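Visitor: Sequence plus predicted model, see below.
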Amino acid sequence: MDSSRRPGRAWIITPGLRPERFATAQRSGAAVAVVDIEDSVALPDKHAARTAAEEFFAVTNPPCTLGIRMNSPLTIEGTKDLVAMAAYTARPDLIVVPKVESARDIELVAGVLDSDGYTPDIWALIESPRAFDTLPAIMSAPRLGGVIFGSADYAASVRCGLSWDALHYARCALINAATSANIPAIDAPTWELDDPDALRREAEQAKELGFYGKGCVHPRHATVINEVFIPSEEEITHARAIVAAADASGNGVTTVDGQMRGTPFFNRARALLAEVDSTP
């Protein structure tokens, strides 16, 4: 995916049955705001949620990308979601498809929703052991825009904890597969709502691992995620120094600030600057 088309670093999700929270989520500073009609909604309330969710998109000049997390398209509720969304007057920019375990899940959503003038960005929520076994096939879906790590469902499936160490393998596997397919990966939210230090620490770890951004479930988390993931002036300045050194050395091995730098470092610095310079 072209880096200029990547939706952004901080993603916030808000329940579909809480319309009083819609504007707060959209104005939180997150680059992507997602209304949820899946896990946050009990089965008897699914119809009400998919109906109420349309209001989330009835916004003139929204401050961010607006998306929806539907139910799995392989379920009855997911089928109903697709029918409802196809009839929405105001439509989501982005669809988060949960419980993805096959490329067909993405193809099914695209097949129902794609139409002349409307091709929403479709992202897969990777949250089961089977999904990790089939990652290469999932990544091959032509309409796949990116992937999101679903830590809570994955941990429940394998009966492990939610700590960074317990989920380290899954995060690494997802990053490797996403990078191989040249699509971005978004890390799961931090579930500690009132611990900003834990949020920042986990966001920094996710960035170091290669995630493009991170989800959140509270508006105040968006600011911290942006601070961590959006390249800082120091990072940009350092990248420009590396590129300048690469140009001066004819792309040969050189040193920058006392550190050896070669082709891998040049490529990474140029990629960062290309992203920064393409951002409005």
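Guide: Yes, it's here.
Visitor: So which bits of the helix or strand in which residue 48 is found are buried?
Guide: Assigned by DSSP states H and E, residue 48 belongs to helix 46-52. Within helix 46-52, the residues that count as buried by 16 or more other C-beta atoms under 10 Å are 46, 49, 50, 52. C-betas here are computed from N, CA, C, even on glycine.
Visitor: what's the answer for stretch 204-217, then?
Guide: 205, 206, 207, 210, 211, 212, 213, 214, 215, 216, 217.
Visitor: gap between the two ends of that stretch?
Guide: In stretch 204-217, first residue to last residue: 18 Å (C-alpha to C-alpha, to the nearest Å).
Visitor: what mean pLDDT does that stretch have?
Guide: Across stretch 204-217, the average pLDDT comes to 96.
Visitor: can you give me the helices in the stretch 151-280 of the chain?
Guide: 151-158, 168-180, 196-209, 219-229, 233-248, 263-278 (DSSP state H, counting those that start in this stretch).
Visitor: nearest to residue 93, of the ones you listed?
Guide: helix 219-229 (17.5 Å; C-beta to C-beta).
Visitor: Kindly provide the distance from the residue nearest to the spatial centre of the chain to residue 238.
Guide: Centrality entry for the chain: nearest residue to the mean C-alpha point is residue 186, 3.5 Å, by C-alpha atoms, centre = their mean. Distance of residue 186 to residue 238, given as C-beta to C-beta, to the nearest Å: 25 Å.
Visitor: Would you format the helices of the stretch 151-280 of the chain as CSV with distance to residue 143 included?
Guide: CSV is the format used below for those (distance: least, C-beta to C-beta, whole Å):
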stretch, distance to residue 143
helix 151-158, 23
helix 168-180, 15
helix 196-209, 25
helix 219-229, 25
helix 233-248, 32
helix 263-278, 23
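Visitor: Nearest to residue 91, out of those?
Guide: helix 219-229 (23.6 Å).
Visitor: for the residue nearest to the centre of the chain, what are its contacts?
Guide: When contacts are counted by C-beta atoms under 8 Å, 6 or more residues apart in numbering, residue 186 touches 11, 123, 146, 147, 148, 149, 211, 212, 213, 214, 215.
Visitor: again with residue 231
Guide: Contacts of residue 231 (C-beta under 8 Å, 6+ apart): 239, 272, 275, 276.
Visitor: ok, how many other residues are close to the second one?
Guide: One way to gauge burial is a neighbour count; for residue 272, by other C-beta atoms under 10 Å, it gives 19.
Visitor: pLDDT wise, what is it at?
Guide: Value listed for residue 272 in the pLDDT field: 75.
Visitor: same question, residue 63
Guide: 93.
Visitor: sec struct for residue 95, please.
Guide: When classified by DSSP: H, G, I helix; E, B strand; the rest coil, residue 95 comes out as strand.
Visitor: The chain should start at 788 in everything you say after this.
Guide: With 788 as the first residue, the last one maps to residue 882.
Visitor: and it, what is it in contact with?
Guide: Here residue 882 is in contact with 854, 855, 857, 872, 896, 900, 907, 908, 909, 910 (C-beta under 8 Å, 6+ apart).
Visitor: quick one, what contacts residue 951?
Guide: Per C-beta under 8 Å, 6+ apart, neighbours of residue 951: 989, 992.
Visitor: For it, give its distance to residue 1018.
Guide: 23 Å.
Visitor: Residue 1061 now?
Guide: From residue 1061 over to residue 1018 the distance is 11 Å, taken as C-beta to C-beta.
Visitor: How about residue 915?
Guide: 33 Å.
Visitor: Spatially, which two of the buried residues of stretch 991-1004 are the most separated?
Guide: Among those, 997 and 1004 lie farthest apart (C-beta to C-beta), at 22.4 Å.
Visitor: ok, how many other residues are close to residue 1047?
Guide: The burial count for residue 1047: 9, using other C-beta under 10 Å.
Visitor: List the contacts of the closest residue to it other than its chain neighbours.
Guide: Distances taken as C-beta to C-beta, 6 or more residues apart in numbering put residue 1040 closest to residue 1047, at 6.5 Å, once the chain neighbours are dropped. By C-beta under 8 Å, 6+ apart, the residues touching residue 1040 are 1047, 1048, 1049.
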